[in-house]
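Visitor: the sequence and its predicted three-dimensional model are supplied below.
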Amino acid sequence: MITLRPAAERGHANHGWLDTHHTFSFADYHDEAHMGFRVLRVINDDTVAPGQGFGTHGHQDMEIISYVLDGALSHKDSMGTVATLHPGDVQVMSAGTGVRHSEFNGDGKAPVHFLQIWLLPDVRGAKPRYADRTFPAAEKTNRLRLIASRDGREGALPIHQDAEVHATLLEPGKSLRLELRPGRHAWVHLARGTLSVNGQRMGTGDGVAISDEARLELSAGPEKAEVLVFDLP
């Protein structure tokens, strides 16, 4: 079963400094039909104006992934981490018992465009931790690159959840397959480009929920597709 979540139906808010689209309920956007999918709780498509950002605030018991599409994202947190991320960079912050952080546009001239993703952890009260890594385009072009997983294999960033997050840059006309183990589910988010998943066509910002399918067949359309694939319990 495949269910399309069209980009145009997402929650949307433009605060001037922040233009954001919410795949699932978040902040002032509440939709009982879209509270998340399995352990995937948040996908926010955020564009932050130059010199602006999210001031210091706190989280507990959440796996937070930031995936940078354009610009520079500067991060500070109560663990002492200071980092600036660029396209191809991914960060994971396990909030655990509690962490405070800020995220700002690290460029004074250009917007920063990134995806903010939350996964529910399967361990509560863990010690907070932070990690980031660059995943070059060559590692993602026409292949699924594991970027986050519980075991951190293949250089993926570790998370407290039995979920696997893959990224790919799929060139026009190229296809990929991902086998799903029995009882697993998937969510596919198309960050930009055109794509079909098991025959379901997608455009930029669209998502699809997948259950009771043995595999995923991803095929790029006439535009290069930048895609995140969540393999979920």
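Guide: Nice, thanks for sending it over. Only a predicted model underlies this, so the values are computations on that prediction, with no experimental measurement involved.
Visitor: how far off centre is stretch 207-219?
Guide: 17 Å (CA atoms, centre = their mean, to the nearest Å).
Visitor: which residues in the protein form helices?
Guide: Listed from the start of the chain, the chain has helices (DSSP state H) covering 137-140.
Visitor: tell me the centre residue of it?
Guide: Computing the C-alpha centroid of the chain and ranking residues by CA atoms, centre = their mean puts residue 117 first, at 4.4 Å.
Visitor: quick one, what contacts it?
Guide: Residues in contact with residue 117 (CB atoms under 8 Å, 6 or more residues apart in numbering) are 40, 42-44, 64-67, 165, 228. All C-beta spots, glycine's among them, are computed from the backbone N, C-alpha and C.
Visitor: ditto for residue 100
Guide: 56-58, 77-78.
Visitor: and the helix or strand of the chain with the lowest mean pLDDT, what does it pack onto?
Guide: Lowest by mean pLDDT, DSSP states H and E among the helices and strands of the chain is strand 53-59, with a mean of 90. Packing partners of strand 53-59 (3 or more CB pairs under 8 Å, 6 or more residues apart in numbering; DSSP states H and E): strand 99-105.
Visitor: hmm, back to that, from residue 207, how far out is the residue nearest to the centre of the chain?
Guide: 12 Å (CB to CB, to the nearest Å).
Visitor: burial count for the nearest residue to residue 23 once chain neighbours are set aside?
Guide: Closest residue in space to residue 23, ignoring its immediate chain neighbours: residue 43 at 4.0 Å, by CB to CB, 6 or more residues apart in numbering. Look at residue 43: counted by other CB atoms under 10 Å, it has 27 neighbours.
Visitor: can you give me the pLDDT of residue 43?
Guide: Residue 43 carries a pLDDT value of 98.
Visitor: can you check residue 106 too?
Guide: So, for residue 106, pLDDT stands at 82.
Visitor: how about the contacts made by it?
Guide: 71-74, 84, 112.
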